[in-house]
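Visitor: compute the structure for the input listed below.
(one chain, ligands or ions: 1)
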Amino acid sequence: MPTTPFDDLHPETRLVHGAIQRSQFGETSETLFLTQGFVYDRAETAEARFKNEDPGYQYTRYANPTVAMFEDRLAEFEGAEMCCATATGMAAVHGAMVGLLKAGDHVVAPRLMFGACRWIIEDFLPRFGVASTLVDGTDLDAWRAAMRPNTKACFLESPANPTLVVMDIAAIAEIAHAAGALVVVDNVFATPVFQKPLKLGADVVVYSATKHIDGQGRCLGGAILGGRKLLEEKIQPFLRMSGPTLSPFNAWVLLKSLETLVLRVERQAATAAKVADALAALPGVTRVFFPGRADHPQAELIARQMLGPSTMVAFEVAGGKAGAFAFLNALKVVRISNNLGDAKSLITHPASTTHSRLKPEERAALGITDGMLRLSVGLEHADDLIADVTQAAGVV
Ligand SMILES: *Cc1c(COP(=O)(O)O)cnc(C)c1O
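Guide: The predicted model follows:
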């Protein structure tokens with residue numbers, strides 16, 4: 001289905017021009033095909049289409065031209081053979097895991113994960129007979145020890161939410177493949193700009209397109225990317241029959257956002273680097289975690305694995321929860337929100353929001369302290385953000 005004649009062009013150029021399907025009117029901007037279904041000129045055409053002998057569309061739960069443009073453009077940028085769009089990031093995580101696994105299988109994943117991803121693996125999959133083992137994701141021996149004869153998938157996110165700990169995707173892929181398991185990477189925090197998990201050995205990449213891909217806080221969306229055979233056999237049938245379909249309207253918004261993805265993510269990460277350095281120099285701030293700083297505990301792995309840092313900064317303020325809340329309540333530009341990847345800088349206190357489901361001991365073991373804050377850096381001027389966090393640190 002991809003119609004791009006530009007295989008030799010740079011990724012940024014392909015994010016603007018790639019995978020476009022122009023209608024008979026030759027419009028400049030991509031068309032929003034807001035339609036549930038499609039009509040056929042003759043009964044024979046409908047029959048041929050249902051037999052897969054005619055390449056047209058049938059019904060938007062199966063495929064839609066605007067959704068296809070989004071899928072094909074993102075696949076080109078990721079370097080994947082195929083992409084399946086989904087209604088949300090969690091539909092992508094769920095769809096990938098349910099598509100790949102069946103009762104009797106076993107999955108290995110790190111303890112440190114986005115809360116809902118952990119729920120899928122720890123609470124939901126076991127109901128359907130898929131056992132799971134959770135490990136310290138930075139400990140390769142722990143991954144090795146967790147593999148069983150029936151381990152069919154490993155799931156991880158890197159950098160991980162909210163502490164920005166990084167996992168060695170290539171090494172984990174080697175361990176998983178040696179045990180006969182596939183590797184699914186949630187690449188949201190790295191973004192498709194700064195990390196290419198498929199090149200590192202992962203089999204499937206998932207995104208919440210809600211985050212940097214939209215980047216302007218409007219639509220929920222998700223994507224599953226990987227090899228064509230794997231997706232066509234294991235994942236696409238599940239999505240088409242069970243129905244977590246991306247709306248063509250949301251696909252259109254996300255498709256147009258891909259045009260500015262590199263521009264936004266690079267600027268946001270450059271600003272995040274400046275804000276991280278400024279935070280590290282502030283009196284009320286006790287620690288800063290940023291994948292672009294030399295003091296990140298895994299700086300060497302980051303240099304090997306990532307093409308750039310992240311738009312996310314985690315840091316600890318003095319005074320535990322009270323200090324963190326005082327900091328949040330003093331902010332004037334940065335907004336308090338558990339979302340991320342937005343043009344607006346957003347900040348959250350993971351211990352009382354995104355990771356409040358975990359027991360206090362478990363949060364402590366994962367490094368999610370009561371004074372930790374997670375900042376998603378937006379498109380504001382760096383100096384305004386630095387001034388804002390500086391005055392907020394003054395009240396801690
Ligand atoms: C937000 C997020 C998700 C879930 O995405 P939704 O679009 O909210 O369903 C999954 N993984 C990570 C790392 C996320 O940040």
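
Visitor: tell me how many other residues surround residue 23.
Guide: Residue 23 is flanked by 10 other residues according to other CB atoms under 10 Å. Every C-beta, even on glycine, is put in place using the N, C-alpha and C of the backbone.

Visitor: contacting residues for it?
Guide: The contact partners of residue 23, by CB atoms under 8 Å, 6 or more residues apart in numbering, come to residue 31.

Visitor: any idea how far the ligand is from it?
Guide: To the ligand, residue 23 is 29 Å away according to CB to the nearest ligand atom, to the nearest Å.

Visitor: ok so that residue is a strand residue?
Guide: No: secondary structure of residue 23 (DSSP: H, G, I helix; E, B strand; the rest coil): coil, not part of a strand.

Visitor: in this protein, which residue sits closest to the ligand?
Guide: Minimum separation of the chain from the ligand (CB to the nearest ligand atom) falls at residue 89, amounting to 2.2 Å.

Visitor: what parts of this structure come near the ligand?
Guide: Counting by CB under 6 Å from any ligand atom, the residues of the chain close to the ligand are 88-90, 93, 114, 116-117, 157, 161, 186, 188-189, 208, 210-211, 220, 222.

Visitor: what domains does the record give for the chain?
Guide: Residue ranges for each domain of the chain read 11-258, 262-393, as given by automatic domain parsing.

Visitor: and the buried ones among the residues of the chain next to the ligand, selectable in ChimeraX?
Guide: Those of the residues of the chain next to the ligand that count as buried under 16 or more other CB atoms under 10 Å are selected in ChimeraX with:
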select :88,89,90,93,114,116,117,157,161,186,188,189,208,210,211,220,222
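
Visitor: give me the subset of the residues of the chain next to the ligand that lies in strands.
Guide: The subset of these located in strands under the criterion DSSP state E comprises 157, 186, 208, 222.

Visitor: low-confidence regions, the stretch 101-250 of the chain specifically.
Guide: Applying pLDDT under 70 to the stretch 101-250 of the chain flags no residue at all.

Visitor: name the SS class of residue 174, please.
Guide: Classification of residue 174 by three-state DSSP places it in helix.

Visitor: list the contacts of it.
Guide: residue 201 are the contacts of residue 174 under CB under 8 Å, 6+ apart.

Visitor: ok, the residue lying closest to residue 244 once chain neighbours are set aside to residue 220 distance?
Guide: Leaving aside its sequence neighbours, residue 244 sits nearest to residue 91 (CB to CB, 6 or more residues apart in numbering; 3.6 Å). With distances taken as CB to CB, to the nearest Å, residue 91 is found 9 Å from residue 220.

Visitor: what's the answer for residue 111, then?
Guide: Using CB to CB, residue 111 is found at 26 Å from residue 220.

Visitor: tell me the contacts of residue 115?
Guide: With contact set as CB under 8 Å, 6+ apart, residue 115 has these partners: 354-355, 357-358.

Visitor: switch to 7 Å and redo it
Guide: Contacts of residue 115 were listed using CB atoms under 7 Å, 6 or more residues apart in numbering, and they are 354-355, 357.

Visitor: filter those down to the buried ones, ChimeraX style.
Guide: When burial is assessed using 16+ other CB under 10 Å, the buried subset of the contacts of residue 115 is captured in ChimeraX by this command:
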select :354,355
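
Visitor: same list (the contacts of residue 115) but as JSON lines, adding pLDDT and secondary structure.
Guide: As requested, the contacts of residue 115 are arranged in JSON lines below (pLDDT from 0 to 100; DSSP: H, G, I helix; E, B strand; the rest coil):
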{"residue": "354", "pLDDT": "92", "secondary structure": "coil"}
{"residue": "355", "pLDDT": "92", "secondary structure": "coil"}
{"residue": "357", "pLDDT": "88", "secondary structure": "coil"}
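
Visitor: out of the contacts of residue 115, the closest to residue 17 would be?
Guide: residue 354 (36.9 Å; CB to CB).

Visitor: check contacts around the closest residue to residue 260 other than its chain neighbours.
Guide: Spatially, and ignoring its direct neighbours in sequence, residue 260 is nearest to residue 215 (7.2 Å; CB to CB, 6+ apart). Neighbouring residues of residue 215 by CB under 7 Å, 6+ apart: 257, 261, 264, 341-343.

Visitor: in which helix or strand does residue 390 reside?
Guide: Secondary structure from DSSP states H and E places residue 390 in helix 382-393.

Visitor: tell me the buried residues in that helix?
Guide: The neighbour-count criterion (16+ other CB under 10 Å) identifies 382, 385-386, 388-390, 392-393 as the buried residues of helix 382-393.

Visitor: elements contacting it?
Guide: Taking 3 or more CB pairs under 7 Å, 6 or more residues apart in numbering; DSSP states H and E as the contact definition, the neighbouring helices and strands of helix 382-393 are helix 261-280, helix 320-330.

Visitor: could you show me where the strands are in the stretch 101-250 of the chain, in order?
Guide: With DSSP state E, counting those that start in this stretch as the definition, the stretch 101-250 of the chain shows strands at residue ranges 106-110, 131-135, 151-157, 182-186, 204-208, 222-226.

Visitor: what's near enough to touch the residue most central in space within the chain?
Guide: When the chain is reduced to its mean C-alpha position, the nearest residue by CA atoms, centre = their mean turns out to be residue 188, at 2.2 Å. Residue 188 makes contact with 89, 157, 207-208, 211 under the criterion CB under 7 Å, 6+ apart.

Visitor: between those, which sits nearest residue 296?
Guide: Each of these was checked against residue 296 using CB to CB; the closest is residue 157, at 16.4 Å.

Visitor: report the secondary structure state of residue 313.
Guide: With three-state DSSP as the criterion, residue 313 was assigned strand.

Visitor: quick check: beta-bridge partners of it?
Guide: The residues listed as beta-bridge partners of residue 313 by DSSP bridges are residue 375.

Visitor: burial measure for it, as a count.
Guide: Neighbours of residue 313 under the rule other CB under 10 Å: 30.
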